[in-house]
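Undergrad: Need coordinates for the following:
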Amino acid sequence: MTTQNHLKNECERLDGKGYGAYKDLRGEYDLGECRVVVDHVQSDPYAPPSKVCVVMDRHRAGLPEELLANRVRHIALEDYLSRSVARVIQAEAGDKDRIEVDVGRQEILERTAVRIDAQTIELRLAVGLPARGRRILGRQAAYLLSALLPRIALRGLVFSGLDEETAFEHVWRAEDQEVLRQRIGELGCVGFVGNGARLARSSGVNDAPMQGEEVVPFSSPPELELAVDLPHAGRVYGMGIPAGVTVIVGGGYHGKSTLLRALERGVYNHVPGDGRDLVVTEPTAVKIRAEDGRAVRGVDISPFINALPNKQSTRSFATSNASGSTSQAANIMEALEAQSRLLLVDEDTSATNFMIRDSRMQALVAKEQEPITPFLDRIQELYTAFGVSTILVMGGSGDYLSEADTVLKLQTYEASVVTEEARAVMDRFPRQRRREISAPLTRRSSRLVASACLALGPRDKVRSKGTSQVTFGKSSIDLACVEQLLDPSQTRSVAAILRMLPAFLEPNGGQIREAVEEILAQVVKQGVDSLGAKRGRHPGDLAMVRSQEVLAAISRYRRLQLAAEGEGR
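TA: Sure, this is the predicted structure:
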């Protein structure tokens, strides 16, 4: 290991040389209070930035042991420290310094930007090495690597220099949410919205909480109010959403979809001050929507769609261009395959002909001429047969009231329970439509995927672009409608898992759910670092992802091939 003086001398020696000479800096440098490790050097000033680590002894950072006592606390502390470093970068770095840390937004995710182990704490940064044109600026590089980066690390990571109260609050709030999510399941609920929660967001592109006097804090209806004791916040009160079928009604713009979106994000822990840090949901919850144009391969959609005019089988349905109804049916069956116990559905993003078929349309178009069994006729069966609950936003069809176990009404963002009122309405206006179920709902086992369809050629690459796209070899996987995939770092992790997947499948075919769960179990044990693809390049921009989102990506892969079409195991 070389010293700080050696690093400075090397940088100054490279001054004025072509940018490629920066590769001579790769290696580890002892700067006394910490070490700087140059893992990867960018090929030119306009390429993705270089990867640099700053490593210090954990004892030097002085991190309280109680904040690392379990996995939830460990993840939350790493998240807090990455945000602390981001604030220091903003304060310390100049306009020309390109220094980035992969920091989260409103959710607390396990990330690879800051990693704490038994001996060290490691900060992973993306750094643009300074240049004029394509010529090295050696003195600026010496300052950046030997002075600025260590100062950022020390100011952002050493606990004695941080706001200890906010650090503890960050960790305790995450642990409370994790405990709350577990407790509501024990209480027979699939969701919880704490009193005082601020659900409205700043804008459609800014997930920060809306500010202003017009924001209405959430208040639970008395009939659904629960008291839950948490380890740090103590006793909290809020609305528990019971398992079963919950229909959310109300006028337009009164907060129905806002509540559903908060529940959709409730599978993740949130930072203090987000407004949703007491909103939690059953951890396997999946948002269901129509997705015109998506690819579907080998999905049994026969519980919802059967007897197509072209005689195509729907027990192992395949298409490269799904309609609204077939895509929504496939999304539900894939969610069941992914072991989801809660479906979240909004009429605004659903296919109308998949959701409802009223008595007049039944009279005009005979069932023998209609291949679609509406979701209306399966929603209660999903719960009674398989224990899969649904929370549905519905303002346009009263037929769903007869299937609801709980009916919530949103009026000017205030929730009330109107289950009895809904039953009175049903008594006044009896159902006139007929149920259109020809066979009971069946749940098939995981599809068998041929590992060869996931094999990559020597020149094939796996990349992600933003949150919504993965390029896998010669195919592009569109994830724009996988709404619980929130962060580009999660999408990078999805891409990494797809790259690993063939090794976890039998040569003649393997069950995709089991393979993905095996990979994620390894990730939980070894850390998200284990998804890093290349030695010598720290994986500083990955984040934990759920099996539901990984399986959604696989299902949208247009070259997916099944080892046994239509057969589970």
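Undergrad: Next, please give the residue ranges for the strands of the stretch 351-500 of the chain.
TA: Using DSSP state E, counting those that start in this stretch, the strands assigned to the stretch 351-500 of the chain run over residues 389-393, 406-411, 414-417, 448-449, 462-465, 469-472, 475-478.
Undergrad: What is the fourth one packed up against?
TA: In terms of contact count using 3 or more CB pairs under 8 Å, 6 or more residues apart in numbering; DSSP states H and E, strand 448-449 is assigned the packing partners strand 510-511, helix 512-526. Every C-beta, even on glycine, is put in place using the N, C-alpha and C of the backbone.
Undergrad: How about the last one?
TA: With contacts defined as 3+ CB pairs under 8 Å, 6+ apart, the secondary structure elements packing on strand 475-478 are strand 469-472.
Undergrad: Enumerate the sheet neighbours of the strand it packs on, specifying parallel or antiparallel for every one.
TA: Strand pairing for strand 469-472, using DSSP bridges, gives strand 462-465 (antiparallel), strand 475-478 (antiparallel).
Undergrad: could you dump these to JSON lines with distance to His232 and mean neighbour count?
TA: Shown next, in JSON lines, are the strands paired with strand 469-472 (distance: least, CB to CB, whole Å; neighbours: other CB atoms under 10 Å):
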{"stretch": "strand 462-465", "distance to His232": "36", "mean neighbour count": "17"}
{"stretch": "strand 475-478", "distance to His232": "40", "mean neighbour count": "18"}
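Undergrad: Save the ones you listed as CSV, and put in distance to Arg261 and mean pLDDT too.
TA: Listed next are those as CSV, based on distance: least, CB to CB, whole Å; pLDDT from 0 to 100:
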stretch, distance to Arg261, mean pLDDT
strand 462-465, 24, 95
strand 475-478, 21, 97
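Undergrad: Please tabulate these in JSON lines, including the columns distance to Ser547.
TA: Formatted as JSON lines, these follow (distance: least, CB to CB, whole Å):
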{"stretch": "strand 462-465", "distance to Ser547": "18"}
{"stretch": "strand 475-478", "distance to Ser547": "16"}
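Undergrad: Which one of these lies nearest to Arg58?
TA: With CB to CB as the criterion, Arg58 lies closest to strand 462-465 of the strands paired with strand 469-472, at 31.5 Å.
Undergrad: what's the offset of that closest one from the middle of its chain?
TA: Here strand 462-465 shows a centroid-to-chain-centroid distance of 16 Å under the convention CA atoms, centre = their mean, to the nearest Å.
Undergrad: again, but for stretch 204-222
TA: With CA atoms, centre = their mean as the basis, stretch 204-222 stands 22 Å off its chain's centre.
Undergrad: Could you pull out the buried residues of it?
TA: By neighbour count on 16 or more other CB atoms under 10 Å, the buried set for stretch 204-222 is 207, 209, 218-220.
Undergrad: again, but for stretch 6-17
TA: Result for stretch 6-17 [16+ other CB under 10 Å]: buried residues 7-8, 10-11, 14.
Undergrad: what's the average pLDDT for that stretch?
TA: The pLDDT scores in stretch 6-17 average 94.
Undergrad: same check, this time on stretch 499-518
TA: Stretch 499-518 carries an average pLDDT of 90.
Undergrad: Same check on stretch 194-205?
TA: Taken as a whole, stretch 194-205 carries a mean pLDDT of 94.
Undergrad: now swap in stretch 152-165 and tell me
TA: Stretch 152-165 comes out at a mean pLDDT of 97.
Undergrad: Good, we can wrap up now.
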